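Asker: can't give you the sequence, but here's the structure:
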């Protein structure tokens, strides 16, 4: 198992390097420089700034310098945010984003699993149709619409939770719900299909033939087998949460990484764009690795295939 | 002989979009203590539904027991609640399934799968159940049971998995074992081993077995009595010798004649012409009549009752009526009667062991 993880981590570095390279060159193709927006600057001043930040070097040289620094762990200095170190800026902002993302993933997955299992157990009843309806809503309505509706009805009309900002647990409730709708819908649909298939399989009949109660049969024999494919889609779902939170952070005025990312793109803040892209990539690669390891824990057949080699 | 199970006039239907499928249409039989009753018949004859109904494992809806009684230990299983039935399943009556590749939970260690029933029915502690599970694995002939108990089903071969399934079924010393085509999915050498194992365990535990199969070779090897099912009914029932060497029903003749043979001279394999009856609109009269070359006029109009051939042998065919014309059975059946020897390969292969 350790060998397998090590191998995966090594491959992850290669992936990261490729992502960094592609992002770097694509970014250089974007029109403008970080300093054209500031109309007060004279051409001489811009020239001095370009010189200072090595922006006059040929692109391959800039690339080599960046990758060199990156490998040393230095992501450079932001052009926009008071010349602060990119790493520090990211670490400052990551708290709320990670909190929201994780909370969303956990809430969405668990609620989705529960809805899906209920729908499967009560197939073709009102429960099933209700859960399907909810899933269709969650999949088809964008999360910013949910966010607006929650803000208006629950935040303003009912006044149960604060409408915006990020100052305590109660502030996290509405952004989490709005953000989790898609995850919830996907998990619920997936779980329903899986559970229906699992519950009609032969080993469920075997379990019933032992005289076990239907609750034990469903949970001990059904759920674990039904979860296996869901774990596979959790990776892409986690990715969906990251991009989703860009919008949600804006709407709820959450001081997170997504908001900063959007701003750095509009201002051509090269080191910031690179830094956040790399950070997202590391996170995604980590989540996918985690999913693969989880997969092995849940499904013993996978464990053997990965572990013995 | 002591009767352990009595099935009386059992009707089972499935409500489908096409209409009510009458899968079992009035089945009567008894099971004696310690005996093996084989139920044979082609696909769709209702043999599997019969066994699943006794276990009350038919999905409801769409399935339902329309009428009839399943008497076991003074109770009518057809009328028990799900809760009461759970106390009987796995403890007094248990079941072995057809396909060992799919009938074990792939994500649970086999030991745990055996222990579940023990913990539930015999109230054993986890460690005591584990000890018993190891003992059971040894009993069904799995080497190194104390190692194998911690393995997952995918680490076992098909035959070994079927042994595990048998261990699960026998865990609580059931009085009745329902074996639903337990050897169909296995290759022939493993089939023989599993059958030997079941016979052996039956002797040790004095369990009654209902053995469902369409392999007549297996029947000849394991059964004490045989019930032949067709179109949701038992058309002939008797001891294994009576069914094989003195069959009365034309369907039984057809079944016996269609066994593949290694030493027969004819090149062609005999097949019963036609197809099984439509159980949404079951035919009037004898369901087999339209495929039966010996059919009488009355077969198309009135259902034959069970005619007594001997104290243990009954058959539902008008040919046994005193006014019926004398009909000569097909030559192969006549030869069986005379030689009292199954010259068919299936029986030979399993007799070999």
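Answerer: Now that the structure is in, tell me what you want to look at. Computed from a predicted structure; not experimentally measured. Residues are numbered from 1 along each chain as shown, chains lettered A, B, ... in the order given.
Asker: Could I get the contacting residues of the residue sitting nearest the centre point of chain B?
Answerer: Relative to the mean C-alpha position of chain B, the nearest C-alpha, by CA atoms, centre = their mean, is the one of residue B:212, at 1.7 Å. Contact analysis of residue B:212 by CB atoms under 8 Å, 6 or more residues apart in numbering or on different chains lists B:38-40, B:47-48, B:50-51, B:178-181. No exception for glycine: its C-beta is placed from N, CA and C like everyone else's.
Asker: Now residue A:275. Nearest residue, chain neighbours left out?
Answerer: In space, and not counting its chain neighbours, residue A:275 is closest to residue A:86: 3.9 Å by CB to CB, 6 or more residues apart in numbering or on different chains.
Asker: Count the residues that sit near the one you found.
Answerer: Counted with other CB atoms under 10 Å in any protein chain shown, the neighbours of residue A:86 add up to 25.
Asker: now residue B:338
Answerer: Residues within reach of residue B:338, counting by other CB under 10 Å, total 9.
Asker: Show the pLDDT at it.
Answerer: In the predicted model, residue B:338 carries a pLDDT score of 78.
Asker: The one 10 residues further on now?
Answerer: Here, the pLDDT recorded for residue B:348 equals 41.
Asker: now residue B:41
Answerer: 87.
Asker: For it, what are phi and psi?
Answerer: phi 160, psi 160 (degrees, to the nearest 10).
Asker: distance of it from chain A?
Answerer: Between residue B:41 and chain A the distance is 21 Å, computed by CB to the nearest CB, to the nearest Å.
Asker: How about residues contacting stretch A:173-185?
Answerer: A:100, A:103-105, A:107-109, A:111-112, A:115, A:134-139, A:141, A:143-144, A:146-147, A:150-151, A:154-155, A:161-163, A:237, A:240-241, A:244-245, A:248-249, A:251-252, A:254.
Asker: Near the closest residue to residue B:101 other than its chain neighbours, how many other residues are there?
Answerer: Of all residues not flanking residue B:101 in the chain, residue B:158 sits nearest, at 6.0 Å (CB to CB, 6+ apart). Neighbourhood size, residue B:158 [other CB under 10 Å]: 15.
Asker: just the one 5 residues further on next, same as before
Answerer: Per other CB under 10 Å, the neighbour tally for residue B:163 reads 25.
Asker: what residues are up against the nearest residue to it once chain neighbours are set aside?
Answerer: Leaving aside its chain neighbours, residue B:163 sits nearest to residue B:140 (4.2 Å; criterion: CB to CB, 6+ apart). By CB under 8 Å, 6+ apart, residue B:140 lies in contact with B:163-164, B:166-167, B:170, B:197, B:201.
Asker: Report the buried members of these.
Answerer: B:163-164, B:166-167, B:170, B:197, B:201 (16 or more other CB atoms under 10 Å in any protein chain shown).
Asker: Let's have the residues you listed in JSON lines, adding pLDDT and secondary structure.
Answerer: JSON lines is the format used below for these (pLDDT from 0 to 100; DSSP: H, G, I helix; E, B strand; the rest coil):
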{"residue": "B:163", "pLDDT": "89", "secondary structure": "helix"}
{"residue": "B:164", "pLDDT": "92", "secondary structure": "helix"}
{"residue": "B:166", "pLDDT": "89", "secondary structure": "helix"}
{"residue": "B:167", "pLDDT": "90", "secondary structure": "helix"}
{"residue": "B:170", "pLDDT": "88", "secondary structure": "helix"}
{"residue": "B:197", "pLDDT": "87", "secondary structure": "helix"}
{"residue": "B:201", "pLDDT": "87", "secondary structure": "helix"}
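Asker: ok, which pair from those residues is furthest apart?
Answerer: The span of these, defined through CB to CB, is set by B:164 and B:201 at 13.7 Å.
Asker: quick revisit: and the pLDDT for the residue nearest to residue B:163?
Answerer: Looking at residue B:140, the pLDDT reads 87.
Asker: before we move on, what about residue A:37?
Answerer: 59.
Asker: before we move on, back to that, which one among the buried ones among the contacts of residue B:140 gets closest to residue A:226?
Answerer: Looking across these and measuring by CB to CB, the closest to residue A:226 is residue B:164, at 22.7 Å.
Asker: where's the closest one relative to residue B:153, distance?
Answerer: The gap separating residue B:164 from residue B:153 is 7 Å, by CB to CB, to the nearest Å.
Asker: Can you check which residues contact both of the two?
Answerer: If you check residue B:164 and residue B:153 against CB under 8 Å, 6+ apart, the residues they both contact are B:104, B:110.
Asker: Output the below-cut-off pLDDT ranges for chain B.
Answerer: B:261-267, B:341-353 (pLDDT under 70).
Asker: So which bits of it are right by chain A?
Answerer: B:55, B:57, B:82, B:86-91, B:94-95, B:97, B:99, B:102-108, B:113, B:116-117, B:120-121, B:152, B:154-155, B:165, B:168-169 (CB under 8 Å from any CB of the partner chain).
Asker: Buried subset of those as a PyMOL selection?
Answerer: In PyMOL, this line selects whichever of the residues of chain B next to chain A come out buried by 16+ other CB under 10 Å:
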select buried, chain B and resi 55+57+86+88+89+90+91+94+95+97+99+102+103+104+105+106+107+108+113+116+117+120+121+152+165+168+169
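Asker: Could you tell me which of the residues of chain B next to chain A are located in strands?
Answerer: Among those, the residues falling in strands (DSSP state E) are B:94-95.
Asker: re earlier: can you classify the residue nearest to the centre of chain B as helix, strand or coil?
Answerer: Three-state call for residue B:212 (DSSP: H, G, I helix; E, B strand; the rest coil): strand.
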